[in-house]
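> Test case, fold it:
(2 chains)
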Amino acid sequence: DAGITQSPRHKVTETGTPVTLRCHQTENHRYMYWYRQDPGHGLRLIHYSYGVKDTDKGEVSDGYSVSRSKTEDFLLTLESATSSQTSVYFCAISGNPGQGETQYFGPGTRLLVL
Amino acid sequence: QKEVEQNSGPLSVPEGAIASLNCTYSDRGSQSFFWYRQYSGKSPELIMFIYSNGDKEDGRFTAQLNKASQYVSLLIRDSQPSDSATYLCAVRGNRDDKIIFGKGTRLHILP
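A predicted model of the protein is given here:
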């Protein structure tokens, strides 16, 4: 398995509180991604990073921010959590884009916003 | 908008039969194609990738790609109950740093 961990694995929080999810990799991969997965919507990209301090938005970035101060860590922050952000969040990593280069996923974080 | 389409299922297949999963994509510039398997409550895991037209076999799995028809499929031979999962099709353009995922097809192998 690719060396990817996510923390916390489960979290319950209240509407309006800030939440930070952490993704940590030991593969020294350049690219890191945050997805959310919801029934009927599949995997949707929130933000991704292509290097330290280099990030870009995905298709569902509103309400989320990210930071990457080290190659191995990619943080996802919900500034003020809402019930619509209840979801399963996956981190993924990959090397430089190329033929056959794919993404490997972390174990996921289940977030419930009450 | 680049899209990847899959039938959501569930697709029910008897044990020992061939399961056929299909996927179409909208971007003709797509270069790499992936199949992931996701068990309930788990993260997606890569099972196959293909980038040339034709078939690619790995054990009981065969990926088929037809770029002219913008179609990719996954065949699972001798289906086992352990193959019951959601299968995600994913597509990447040439040198794109993002992969586009389909919503997945739920496969149920009947014992």
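> hey, let's count contacts and neighbours off CA atoms from now on
Noted.
> where are the low-confidence patches of chain A?
Along chain A, the model assigns pLDDT under 70 to residues A:1-2, A:97-100.
> which residues in it form strands?
All strands of chain A, identified by DSSP state E, fall at A:4-7, A:10-13, A:19-25, A:31-38, A:42-51, A:54-57, A:64-70, A:73-78, A:87-94, A:104-105, A:109-113.
> to the chain's geometric centre, what's the distance from the first one?
Centre-to-centre, strand A:4-7 and its host chain are 10 Å apart (CA atoms, centre = their mean, to the nearest Å).
> Could you do the fifth one as well?
Per CA atoms, centre = their mean, the displacement of strand A:42-51 from the mean C-alpha position of its chain is 7 Å.
> And for the shortest one?
Distance of strand A:104-105 from the chain centroid (CA atoms, centre = their mean) equals 11 Å.
> With the third one instead?
Taking CA atoms, centre = their mean, one finds the center of strand A:19-25 at 7 Å from the center of the full chain.
> and the angle from that strand to strand A:64-70?
Counting by axes from the mean of the first three to the mean of the last three CA atoms, to 10 degrees, strand A:19-25 points 40 degrees away from the direction of strand A:64-70.
> Okay, buried residues for strand A:19-25 please.
Using 16 or more other CA atoms under 10 Å in any protein chain shown as the burial criterion, the residues of strand A:19-25 that qualify are A:Val19, A:Leu21, A:Arg22, A:Cys23, A:His24, A:Gln25.
> how big is the angle separating that strand from strand A:31-38?
Using the same axes, to 10 degrees: strand A:19-25 against strand A:31-38 is 130 degrees.
> hey, C-alpha coordinates of strand A:19-25 in CSV?
The C-alpha trace of strand A:19-25 is given here as CSV (Å, rounded to 0.1, in the frame of the first residue of the first chain):
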residue,chain,number,x,y,z
VAL,A,19,-12.1,21.7,11.1
THR,A,20,-8.7,20.7,9.7
LEU,A,21,-8.0,17.3,8.1
ARG,A,22,-4.5,16.1,7.6
CYS,A,23,-3.0,14.0,4.9
HIS,A,24,0.5,12.6,5.4
GLN,A,25,2.6,10.7,2.8
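> Can you name every helix or strand that that strand contacts?
Strand A:19-25 sits against strand A:4-7, strand A:73-78, with contacts defined as 3 or more CA pairs under 8 Å, 6 or more residues apart in numbering or on different chains; DSSP states H and E.
> With the first one instead?
Where contact means 3+ CA pairs under 8 Å, 6+ apart, strand A:4-7 is packed against strand A:19-25, strand A:87-94.
> mind listing the strands for chain B?
Listed in chain order, the strands found in chain B under DSSP E are B:4-5, B:11-14, B:19-25, B:30-38, B:45-50, B:54-58, B:61-66, B:71-76, B:85-93, B:99-101, B:105-110.
> can you count the residues close to the closest residue to B:Thr86 other than its chain neighbours?
Once its chain neighbours are removed from consideration, B:Thr86 has its nearest residue in B:Arg106; the separation is 4.2 Å (CA to CA, 6 or more residues apart in numbering or on different chains). B:Arg106 is flanked by 21 other residues according to other CA atoms under 10 Å in any protein chain shown.
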